[in-house]
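A.B. asks: build the 3D model from these lines:
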Amino acid sequence: MNPVRSALIIVTPALLIFSSCTRQPSSLIEGRIKRETLSVSSKVAGRIAKLYVQEGDQVKAGDTLALLSLPEVDAKIAQAEGAVKSAGAQYEMARNGATELQLEQLNAKYEGLKEQYNFAKVSVGRLANMLKDSLIARQQYDEAYTKMQGARAQLDAVTAQIKEARDGARKEQQTMAMGQKSQASGALQEADAASKERYVIAPQDMSIESITLHTGELALPGYALFTGYLNRTTYFRFSIPESKIGNIKNQQQITVRIPYTNGTIEGRVSSVGQLNHYADITTAYPDYEMGEALYEVKIRPVNAEQAGKLLANATATIQLTK
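C.D. replies: Next up is the predicted model:
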């Protein structure tokens, strides 16, 4: 056999093998279907009394997701209601003054002190005449006069009490009673607000992805009870190398293919931004050049309702022109 021909026979398969191992850069870019996530947590501590949803359910904003048992809050409501009644009664008493029975008692006391004063006044007048005629000692007159002054002071005091009872408490006392009433009302409102938190409500339309607690378990404030996807926030995320980013323009309309459905959906480029430098290609990779920067491209679907039915994190592809 001709040596040159045999050498060609040997070399040719090697070239074919080398050619088959060298991949040409592909214009097909793979990405993922993404959605914004939402966590729903409780504001107060309580045990899960009942769950109204399951993983995978679609819920609307305002739907009840779970019911919490809050015995401590119920006790606070009872205490606050009692404080409101007590503070309200104190304010009314300060504003309206004494009761009819108290007024009757004060009037009776006034009449008794008035009689004592009149009697002491008459006695002092008699003793004054006798003192002029030197029939009594000065000491006896002074004692009677002092008793008259004491009776007059007591009469003035009960007169002031009657006036206060009829007019009500002083303005400062009424203001203080009003402040205590407002404080008790605020405590009741706080307890009522905490009581409403026993219902865990969906803040937006969402699909339930995971439920972290079950019936009977303790839910702490701020702990995520439910995690879900916001279906109307679906978008497609692609990582595109520097050598191909020139084919992407902001607001460009691109057809996105969904492999698992064998269907397509129209989208529009919403943002193009470079990924952090640690995402740059620094090792050999068949489709990318070493040292190339990577860019994150987000494509929003034109029909958000259609995209909302897609599975999150499933594969999506786009075809770039060479």
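
A.B. asks: quick one: mean pLDDT for the host helix or strand of residue 104?
C.D. replies: Assigned by DSSP states H and E, residue 104 belongs to helix 100-132. Mean per-residue pLDDT for helix 100-132: 82.

A.B. asks: next one: the strand or helix carrying residue 142 to chain centre, how far?
C.D. replies: Secondary structure assignment for residue 142, by DSSP H and E: helix 138-167. Distance of helix 138-167 from the chain centroid (CA atoms, centre = their mean, to the nearest Å) equals 63 Å.

A.B. asks: got the buried residues for it?
C.D. replies: 141, 144-145, 147-148, 151-152, 154-155, 158, 161-162, 165 (16 or more other CB atoms under 10 Å). Every C-beta, even on glycine, is put in place using the N, C-alpha and C of the backbone.

A.B. asks: show me what the following helix or strand past it is packed against.
C.D. replies: Once helix 138-167 ends, the next helix or strand along the chain (criterion: DSSP H and E) is helix 171-196. Using 3 or more CB pairs under 8 Å, 6 or more residues apart in numbering; DSSP states H and E, the elements in contact with helix 171-196 are helix 71-96.

A.B. asks: so what secondary structure elements neighbour the helix it packs on?
C.D. replies: helix 171-196.

A.B. asks: okay, the angle between the helix it packs on and helix 71-96?
C.D. replies: Orientation check (axes from the mean of the first three to the mean of the last three CA atoms, to 10 degrees): helix 171-196 against helix 71-96 gives 160 degrees.

A.B. asks: helix 171-196: how far from the chain's middle?
C.D. replies: 22 Å.

A.B. asks: same question, stretch 228-238
C.D. replies: 25 Å.

A.B. asks: end-to-end on it?
C.D. replies: 22 Å (CA to CA, to the nearest Å).

A.B. asks: what residues does that stretch touch?
C.D. replies: 29-38, 40, 58-59, 204-210, 256, 267, 270, 296-301, 304-305, 307-310, 312, 316, 318 (CB atoms under 8 Å, 6 or more residues apart in numbering).

A.B. asks: where does the prediction get shaky in the stretch 101-250 of the chain?
C.D. replies: 167-174 (pLDDT under 70).

A.B. asks: please repeat the previous calculation with a cut-off of 80.
C.D. replies: Filtered on pLDDT under 80, the stretch 101-250 of the chain yields the residue ranges 101-104, 106, 131, 133-135, 161-178, 180-181, 184, 190, 193-194.

A.B. asks: distance of residue 192 relative to residue 201?
C.D. replies: Distance from residue 192 to residue 201, counting by CB to CB, to the nearest Å: 16 Å.

A.B. asks: next: residue 263.
C.D. replies: Taking CB to CB, one finds residue 263 at 35 Å from residue 201.

A.B. asks: cool, residue 150 as well?
C.D. replies: The value you get for residue 150 to residue 201, if CB to CB is used, is 72 Å.

A.B. asks: again with residue 250
C.D. replies: Residue 250 is 38 Å from residue 201, by CB to CB.

A.B. asks: looking at these two, which one has more neighbours?
C.D. replies: Neighbour totals were compared for residue 250 and residue 201, and residue 201 leads with 14 against 10 (other CB atoms under 10 Å).

A.B. asks: distance of that one relative to residue 65?
C.D. replies: Residue 201 is 7 Å from residue 65, by CB to CB.

A.B. asks: contact partners for residue 47?
C.D. replies: 68-69, 216-219.

A.B. asks: now residue 270: closest residue in space that isn't a chain neighbour?
C.D. replies: residue 300 (4.5 Å; CB to CB, 6 or more residues apart in numbering).

A.B. asks: for the one you found, helix, strand, or coil?
C.D. replies: Here residue 300 is recorded as strand under DSSP: H, G, I helix; E, B strand; the rest coil.

A.B. asks: from the centre of this protein, point out the most distant residue.
C.D. replies: Distance from the C-alpha centroid of the chain, by CA atoms, centre = their mean, peaks at residue 133 (91.4 Å).

A.B. asks: buried residues of the helix holding residue 104, list them for me.
C.D. replies: Judged by neighbour count using 16+ other CB under 10 Å, the buried positions of helix 100-132 are 106, 109-110, 113-114, 116-117, 120, 124, 127, 131.

A.B. asks: how about stretch 262-269?
C.D. replies: 265, 267, 269.

A.B. asks: hang on, the earlier thing: report all helices and strands that the helix holding residue 142 contacts.
C.D. replies: Checked by 3+ CB pairs under 8 Å, 6+ apart, helix 138-167 has helix 100-132 packed alongside it.

A.B. asks: the inter-axis angle of the helix it packs on versus helix 138-167?
C.D. replies: Going by the same axes, to 10 degrees, helix 100-132 makes 160 degrees with helix 138-167.

A.B. asks: give me the distance from helix 100-132 to the chain's centre.
C.D. replies: On CA atoms, centre = their mean, the centre of helix 100-132 falls 68 Å from that of its chain.

A.B. asks: switch to numbering from 5
C.D. replies: All right, first residue 5 from here; so that's helix 104-136.
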